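Enquirer: Requesting a structural model of the entry that follows:
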Amino acid sequence: MTTTTLAVLVPLLPFLGAAAGLLLGRTAPGFVRPLAVLPTLAALVLAALVAVRQGGGQPIETHTELTPTGSVPIELALYIDGFAALVAVLVAFVATCVQIYSTGYLRDDPRYPSYAALVSLFTSAMLVVVYSGDLMVLLVGWEVMGICSYFLVGHYWETPEARAASLKAFLVTKLGDVPFLIGLFALATDAGSFRITRVLGAVASGGIDHPTLIALLLLAGVAGKSAQFPLHTWLPDAMAGPTPVSALIHAATMVAAGVYFVARLLPLFEASQAAMVVLAVMAAVTMAGSGLAALAQDDIKRVLAYSTIGQLGYMTGALAVGDRGAAVFHLLSHGAFKALLFLAAGVIIHAAGTNSLAAMSRMSHLRDRVPDAYWTMTVALLALAAIPPFSGFFSKESVLGAAEHAATGHTDQAPGAAGWIVLVAGLLTALLTAAYAARLWLLAFRGRGAEAPDHGRQPLTMTVVLWVLAVPSLAFGGLAYRSLPGWFDGRDLTPTLLTSILGTGLALVGGLLAYGAWQRTSALAARIPTGAVAAHPEDGAGLVEAEAIASHEPVYGNIAYAPDAADPGRLLLGPLYRHAAVGFHLDAVYAALFVRPVQAGASLVRFLDSEVVDTYVRGAAALPRLLGAAVRRAQTGNVQTYVSALLAGTVVLAVAALLVATGA
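Expert: Residues are numbered from 1 along each chain as shown. Down below sits the predicted model:
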């Protein structure tokens, strides 16, 4: 079988699995789980074969015209270079893990058949994005992922949080997709084709007339899809969906699509220094802001959501300094440990007996109850914090090293300003990432919250997947940083000494600060007597005893405990805590700028429709009705009346004719 045929089957198999799952979900429920797992597993095997055959060498390319358009042609094209082949393996690998894990996590869910089919369709759409050689076909996968995320985030539609989150995810990403679509059309018009190779050829020859405008339009869609500032607000709310969906969205699909798109068309963005600086600023604000927000979240999945936003900021930062190899390296590394983090959090949530959310302030004795989640999540958090030799260290350092090279003028692909912006923000984010990773670990596994009922041992399918993902989270970076350059642009991905020392040192400082703050707050919280609650002064510098504890607060013997009392994030952030906890009020800003004006406009339109338009419609209907009533009165059924009217009409016409003749 040719490599092209194998590549076509990679996205096709999950699509067929999704279609079969939807058709047989009700009539043959016993086939649902095999149809969820086996096509995705087969796609993983085929994607691995495609990657082996491609081998980082010449791109695999084929195309055929999809339909005559009369102007810019749309082609069904494949373009698989080294990094596309590896990203496809990541997508299929994470999707397979998620499908296997979901068979245990959602084993009692009545809507599991539709869920599994949507996950397969989601996977197929992302694989279309990865393998596509035509921008319009890529756009199809891009939009299918958007609608899949809408349905999957709203899986628990009975809850208002899930309904609101799914709608928000759809609308915010569509807000970015509108300029994205305009940018695609403008790009294809300048290049004369939607084919990616021809577009890149036009960029290289200077055939793109407005590279800055096109790049900025495309960045709007990238910001929405990859949850970058200022269109990132949908991602934390999307945690209302099932936890395996969160793992899929955050690790391998949806948010990875924007980063992949920029990496694919990086020469276009490099053609505009202004666009590269905008990309760098977007990455820097995203990294730092998400790190601060993660330190103030209580729900474990929201912490991980902000962590994803920050790690995507690293990837866009690498692209902003012109190094797509470092960006895709971090994308691959992040995919493994982020999937592990979410799926381990799912084990914790499953153990707590809830659907999708788990407040860390309520957790207690989880180390002994879920040992598999404890050990694997520890590995993933160390990778997230970029502690050597875990995989996150090597990929994050490749980003910081690329930023250092750009800042010191060792590359011509990006302006020095972009390098400095990404480098400073990346180092600050290294400190914040380690701090919130340590805080999560301490609150989740060494917390003093109310212990939830024990719901028994977790399904084997869930725990096995955790250990499978732990292997690349630990070893991928160390094994890959020497071999991956040949699959990308050939740039060295070896960590540089200066950024390694600075990044690791700041990570250790962040972890130690979180541990010290946790020790202090825990000690102070333990001294609060029964009947009192820990209150936090506005400056966040300490804890004091205050008023009577609310009845819902957990009590340990003679010790009362308030959830915020042992939160090191409050102590570390001080007065910034309450602002970071709500995402720095960006949702409130959007509500004031967009939501309320749109609602006011809708109210005005409704008023005009009901009070003005309907009045004219009712008036227009009344006149014929009155005329009809008058005519109806003339229909008496009396023949003499009709003859009299006919004679009278004849006389009137005769007189009129006589007057006209006389006048003439």
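Enquirer: What strand or helix carries Thr62?
Expert: Here Thr62 is covered by strand 60-67, with elements defined by DSSP states H and E.
Enquirer: same deal with Trp157?
Expert: Here Trp157 is assigned to no helix or strand, by DSSP H and E.
Enquirer: Report the contact partners of it.
Expert: Trp157 sits next to 163, 166 when contact means C-beta atoms under 8 Å, 6 or more residues apart in numbering. No exception for glycine: its C-beta is placed from N, CA and C like everyone else's.
Enquirer: now swap in Leu474 and tell me
Expert: Under the contact definition (C-beta under 8 Å, 6+ apart), the residues listed for Leu474 are 379, 383, 389-391.
Enquirer: Just give the strands next to the strand holding Thr62 in its sheet, each with its orientation.
Expert: Strand 60-67 has the following sheet partners, assigned by DSSP bridges: strand 74-80 (antiparallel).
Enquirer: distance of Phe342 from Thr212?
Expert: When C-beta to C-beta, to the nearest Å is applied, the distance between Phe342 and Thr212 equals 37 Å.
Enquirer: Kindly report the same for Ala523.
Expert: In this structure, Ala523 and Thr212 are separated by 55 Å, where distance is defined by C-beta to C-beta.
Enquirer: Neighbour count for the two, which is higher?
Expert: Looking at Ala523 and Thr212 with other C-beta atoms under 10 Å, you find the greater number of neighbours at Thr212, namely 16 against 11.
Enquirer: Now for the residue lying closest to the more buried one once chain neighbours are set aside: which residues touch it?
Expert: Once flanking residues are discounted, Thr212 sits nearest to Ser272: 4.0 Å by C-beta to C-beta, 6 or more residues apart in numbering. Under the criterion of C-beta under 8 Å, 6+ apart, the contact list for Ser272 reads 211-212, 215.
Enquirer: In helices, which of the residues you listed appear?
Expert: Restricting these to those inside helices, with DSSP state H as the criterion, leaves 211-212, 215.
Enquirer: where do the strands sit along the protein?
Expert: Listed in chain order, the strands of the chain (DSSP state E) span residues 60-67, 74-80, 534-535, 544-545, 555-556, 559-560.
Enquirer: Help me confirm that Gln273 comes into contact with Gln413.
Expert: No: applying C-beta atoms under 8 Å as the test, Gln273 and Gln413 come out as separate, 10.2 Å apart.
Enquirer: separation between Leu24 and Gly104?
Expert: The spacing between Leu24 and Gly104, counted by C-beta to C-beta, is 21 Å.
Enquirer: Neighbour count for the two, which is higher?
Expert: Under the criterion of other C-beta under 10 Å, the comparison of Leu24 against Gly104 puts Gly104 first, with 19 against 16.
Enquirer: Can you tell me the centre-most residue of the protein?
Expert: Nearest to the mean C-alpha position of the chain, counting by C-alpha atoms, centre = their mean, stands Val255 at 4.1 Å.
Enquirer: Without its sequence neighbours, what residue ends up closest to that residue?
Expert: Excluding its sequence neighbours, the residue lying closest to Val255 (C-beta to C-beta, 6+ apart) is Ser226, at 4.9 Å.
Enquirer: list the contacts for the one you found?
Expert: Contacts were defined as C-beta under 8 Å, 6+ apart; by that measure Ser226 touches 255-259, 312, 316.
Enquirer: ok, it to Ala275 distance?
Expert: In this view, Ser226 and Ala275 are 16 Å apart by C-beta to C-beta.
Enquirer: Could you list which residues are in contact with Thr253?
Expert: Taking C-beta under 8 Å, 6+ apart as the definition of contact, the neighbours of Thr253 are 91, 94-95, 122-123, 125-126, 145.
Enquirer: and what of Ala402?
Expert: Residues in contact with Ala402 (C-beta under 8 Å, 6+ apart) are 318, 321-323, 326, 411, 491.
Enquirer: at 6 Å what do you get?
Expert: 318, 321, 323, 326 (C-beta atoms under 6 Å, 6 or more residues apart in numbering).
Enquirer: quick one on the thing from earlier: closest one of the contacts of Leu474 to Val72?
Expert: For the contacts of Leu474, the closest approach to Val72 (C-beta to C-beta) belongs to Ser391, at 41.7 Å.
Enquirer: so the closest one sits right up against His334, yeah?
Expert: No: with contacts defined as C-beta atoms under 6 Å, Ser391 does not count as touching His334, sitting 8.7 Å away.
Enquirer: Now for Val617, how many residues are close by?
Expert: Residues within reach of Val617, counting by other C-beta under 10 Å, total 11.
Enquirer: Please apply the same query to Leu266.
Expert: Neighbourhood size, Leu266 [other C-beta under 10 Å]: 20.
Enquirer: Leaving out chain neighbours, which residue sits closest to it?
Expert: Arg324 (5.0 Å).
Enquirer: Could you verify my assumption that the one you found touches Ala263?
Expert: Yes: under the criterion of C-beta under 6 Å, Arg324 lies in contact with Ala263, with a separation of 4.2 Å.
Enquirer: so who does Met315 touch?
Expert: Contacts here follow C-beta under 6 Å, 6+ apart; on that basis Met315 touches 259, 327, 330-331.
Enquirer: Neighbour count, distance to Gly176 and pLDDT added to those, as JSON lines?
Expert: Output for the contacts of Met315, formatted as JSON lines (neighbours: other C-beta atoms under 10 Å; distance: C-beta to C-beta, whole Å; pLDDT from 0 to 100):
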{"residue": "Val259", "neighbour count": "26", "distance to Gly176": "14", "pLDDT": "96"}
{"residue": "Ala327", "neighbour count": "30", "distance to Gly176": "19", "pLDDT": "96"}
{"residue": "His330", "neighbour count": "27", "distance to Gly176": "22", "pLDDT": "96"}
{"residue": "Leu331", "neighbour count": "27", "distance to Gly176": "19", "pLDDT": "96"}
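Enquirer: of these, closest to Leu431?
Expert: Out of the contacts of Met315, the one with the shortest distance to Leu431 is His330. That distance is 17.7 Å, counting by C-beta to C-beta.
Enquirer: Would you check that the closest one makes contact with Ser395?
Expert: Yes: distance between His330 and Ser395: 4.0 Å, which falls inside the contact criterion (C-beta under 6 Å).
Enquirer: Touching both of the two, which residues are there?
Expert: The overlap between the contact sets of His330 and Ser395 (C-beta under 6 Å, 6+ apart) is empty.
Enquirer: pLDDT at Val509, what is it?
Expert: Here the pLDDT value assigned to Val509 is 97.
Enquirer: before we move on, what about Phe594?
Expert: Reading off the per-residue confidence, Phe594 sits at a pLDDT of 86.
Enquirer: All good on my end, thank you.
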